[in-house]
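[1] Next comes the sequence, and after it the predicted model I'd like to discuss.
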Amino acid sequence: MAKRIHLHVKVRDAMGNVTVYDTAGLVDEPPVIHEVVFDPPMVPSGGSTRLTIRAHDPEDEALTYEVVASEGVIEPTDQPNVFVWRAA
């Protein structure tokens, strides 16, 4: 759920007259990554592992995922939060 922020606004003119306005705004919170699971957790050179990202968005907005590896190859699967990493 978006975080509600309360604002108290005061506007003053040169004569000292003041108008006050109270309002609220919403802040969209970033997604939360709960864990990243490798199955199996260790692979030999040239082997592969299934990478599952468990995450959620506080406002229940749809998530997209991107994974970049320093070596090897990342391949998407038919599930947006699951990838295959092929070790170099």
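    Nice, thanks for sending it over. None of the values given here were measured: they were computed from a predicted structure. Numbering: from 1, shown residues only.
[2] Now do the contacts for the residue positioned nearest the centre of the chain.
    Nearest to the mean C-alpha position of the chain, counting by CA atoms, centre = their mean, stands Pro31 at 2.8 Å. Counting by CB atoms under 8 Å, 6 or more residues apart in numbering, Pro31 touches Ala55, His56, Asp57, Pro58, Leu63. Glycine gets a C-beta too; all of them are placed from N, C-alpha and C.
[3] Not including adjacent chain positions, what is the nearest residue to it?
    Distances taken as CB to CB, 6 or more residues apart in numbering place Asp57 nearest to Pro31, at 4.7 Å, with adjacent residues excluded.
[4] Contacts only, for the one you found.
    Glu29, Pro31, Val32, Leu63.
[5] again, but for Val20
    Neighbouring residues of Val20 by CB under 8 Å, 6+ apart: His8, Val9, Lys10.
[6] how does it look with 10 Å?
    His8, Val9, Lys10, Val11, Arg12 (CB atoms under 10 Å, 6 or more residues apart in numbering).
[7] What about the last one, how many residues nearby?
    Looking back up the chat, that one is Arg12. The local packing of Arg12 (other CB atoms under 10 Å) involves 10 other residues.
[8] Tell me what it is bridged to.
    Taking DSSP bridges as the rule, Arg12 bridges to Val18.
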